[in-house]
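**Q** mind looking at a prediction? Sequence and model below.
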Amino acid sequence: MRFNEFKTVPNPNILLEYDPNISDEQLKDLIVQRLQTEQDRQMLDKIYQALEKSTLDERITTVLAADEDAKSKLQVFAGMVMNTEGTFAEKQNFVAKYPQGFIDVEKLMAPNQVHAYSEWLMGDDFTRRVFTNIYSYTPQGIGAGEFALAVLSPAIRFSGRSAEMAGDLVIDGVMTEVKAKQSSGGRFMDARKAKMNQRMVEEAFKALGVEIGKGISGKMYATNVRPNLDPQALPKLADTIIAGAFAFVEASESNALKNALVNGDMNQIKHEWGLLSFINYQRMSKFDAMLLLDGPKAHSLFFTDAQSVSGVLTAGQPYVVGPEQQVHPQMHFII
C-alpha cells in the first residue's frame with residue numbers, strides 16, 4: 001500500500017487561519033483547535049476573561065454602583081478595573097472584597113507621620129495596580145489621588161465643595177484638603193479665594209525705588225534688594241508684603257515671617273512663609289486637615305496643624321511680590 005493511502009485527509013470544514021466569512025460553527029472549530037495547542041497559562045486566562053467579559057463586567061458594574069463616588073464615574077472606573085492587568089480570579093477577588101474597601105483609613109489619618117502608600121493601601125498586587133491606574137485620573141475639579149481614595153474606601157467620599165463641605169475629601173468625617181505631588185509640589189492657596197493685593201506691595205517697593213520687573217523672589221529680596229534698603233523702612237515694608245499675600249491671618253500670627261523679612265534670612269523666609277501659608281489657606285478654605293501625597297515616592301502625610309510637622313515640611317521659593325500664582329511656594333515633605 002502506498003503512503004498516500006495512509007495519509008489522513010484534512011477536514012475541509014476546519015480552518016487553520018481566520019476568515020471573516022466563515023460560519024459560526026467553523027469559527028468555533030478554529031477556536032477549539034487553537035485552545036488545544038495553547039500552553040501559555042496567561043494567554044489561557046486572557047481568553048477565559050474575554051469569554052466571560054460580559055459576566056465579569058456586569059459583576060464589577062453592579063458592585064461599584066453601590067458606592068456613591070464610584071457611581072458618579074461608573075463606566076470609567078469599571079473600565080479601568082477591567083483593563084488592569086490581572087487574572088480572572090484576581091478580578092473576582094477584587095469585586096468580592098470591594099464593599100469593605102482597600103484603604104486603612106486609621107493608618108492614612110495617623111497625624112504627623114509620614115507613611116508609605118503600602119502601609120494603608122490594603123489588598124493584593126491587583127488592587128495596587130488598580131490604585132496606580134486610577135491615581136492619575138483627574139476629571140474636572142478633582143486632583144490626583146482623590147478619585148482613587150474616594151472609590152476605594154466606603155469611609156472616604158468627595159466633599160462636593162458645598163458651603164458645609166470644605167476641602168476635597170471627607171475622610172472618616174474629617175474635611176480634608178488634598179495636595180498631591182506629581183512632578184512638583186502643590187501650593188497652599190486657592191486663587192479664587194486668596195484676596196491678595198499685589199498692587200499694594202508693588203507700590204510699596206516702587207516708593208522705595210525698587211524696580212519690580214516680573215517679580216521679586218524671596219532669594220532676590222534677601223540677597224539683592226533688602227541690603228540696599230534703609231533699615232528703618234524694613235518693618236513697614238514687611239507688614240505690607242504680608243498684608244498683600246495673607247488676607248486671612250492675624251498680625252500676631254505673622255511675627256515670625258515679619259522678623260525673617262526684616263532680618264533677610266532667605267531660608268527662614270521660605271520656612272516661615274510656607275507655615276503661614278497653611279494657616280492662611282486653612283482659614284480661607286475652612287478645611288479641618290490636610291493630606292499631602294507624593295506620587296513619585298508613594299508616601300503620604302496627614303496633619304491638622306503645619307507647626308506640628310514643621311520638621312518635615314519644606315517650602316520652595318516664595319515671591320514677596322509678583323504674579324499671584326507664584327506668591328506662595330510649592331510645598332513638599334521630607335521622606
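**A** Sure, I can see it. Numbering: from 1, shown residues only.

**Q** just the helices in the stretch 51-200 of the chain please.
**A** Counting by DSSP state H, counting those that start in this stretch, one finds helices in the stretch 51-200 of the chain at the ranges 53-64, 68-72, 74-83, 88-97, 105-108, 117-120, 125-135, 146-151, 198-207.

**Q** so this protein: which segments form each domain?
**A** As assigned by automatic domain parsing, the chain contains the domains 3-50, 198-291+299-333.

**Q** and stretch 67-85, average pLDDT?
**A** For stretch 67-85, the mean per-residue pLDDT is 80.

**Q** how far out from the middle of the chain is it?
**A** Chain-centre distance of stretch 67-85: 17 Å, with Cα atoms, centre = their mean, to the nearest Å.

**Q** circling back: relative to residue 334, which of the helices of the stretch 51-200 of the chain is closest?
**A** Closest to residue 334 of the helices of the stretch 51-200 of the chain, according to Cβ to Cβ: helix 117-120, at 16.6 Å. For glycine as for every other residue, the C-beta is placed from the backbone atoms N, C-alpha and C.

**Q** then stretch 241-257 to PDB, C-alphas only?
**A** The C-alpha coordinates for stretch 241-257 follow below in PDB (Å, rounded to 0.1, in the frame of the first residue of the first chain):
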ATOM      1  CA  ILE A 241       4.400  92.200  52.000                       C
ATOM      2  CA  ILE A 242       2.500  90.100  54.500                       C
ATOM      3  CA  ALA A 243      -0.800  92.000  54.100                       C
ATOM      4  CA  GLY A 244      -0.600  91.700  50.400                       C
ATOM      5  CA  ALA A 245      -0.200  87.900  50.400                       C
ATOM      6  CA  PHE A 246      -2.000  86.700  53.500                       C
ATOM      7  CA  ALA A 247      -5.500  88.100  53.700                       C
ATOM      8  CA  PHE A 248      -6.700  85.600  56.400                       C
ATOM      9  CA  VAL A 249      -4.100  85.800  59.100                       C
ATOM     10  CA  GLU A 250      -3.800  88.000  62.200                       C
ATOM     11  CA  ALA A 251      -0.900  90.300  62.700                       C
ATOM     12  CA  SER A 252       0.100  88.300  65.800                       C
ATOM     13  CA  GLU A 253       0.400  85.100  63.700                       C
ATOM     14  CA  SER A 254       2.800  86.700  61.200                       C
ATOM     15  CA  ASN A 255       5.600  87.900  63.600                       C
ATOM     16  CA  ALA A 256       8.000  85.000  62.700                       C
ATOM     17  CA  LEU A 257       7.700  85.800  59.000                       C
END
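
**Q** surely residue 156 and residue 146 touch.
**A** No: look at residue 156 against residue 146 with Cβ atoms under 8 Å: they stay out of range, at 9.1 Å.
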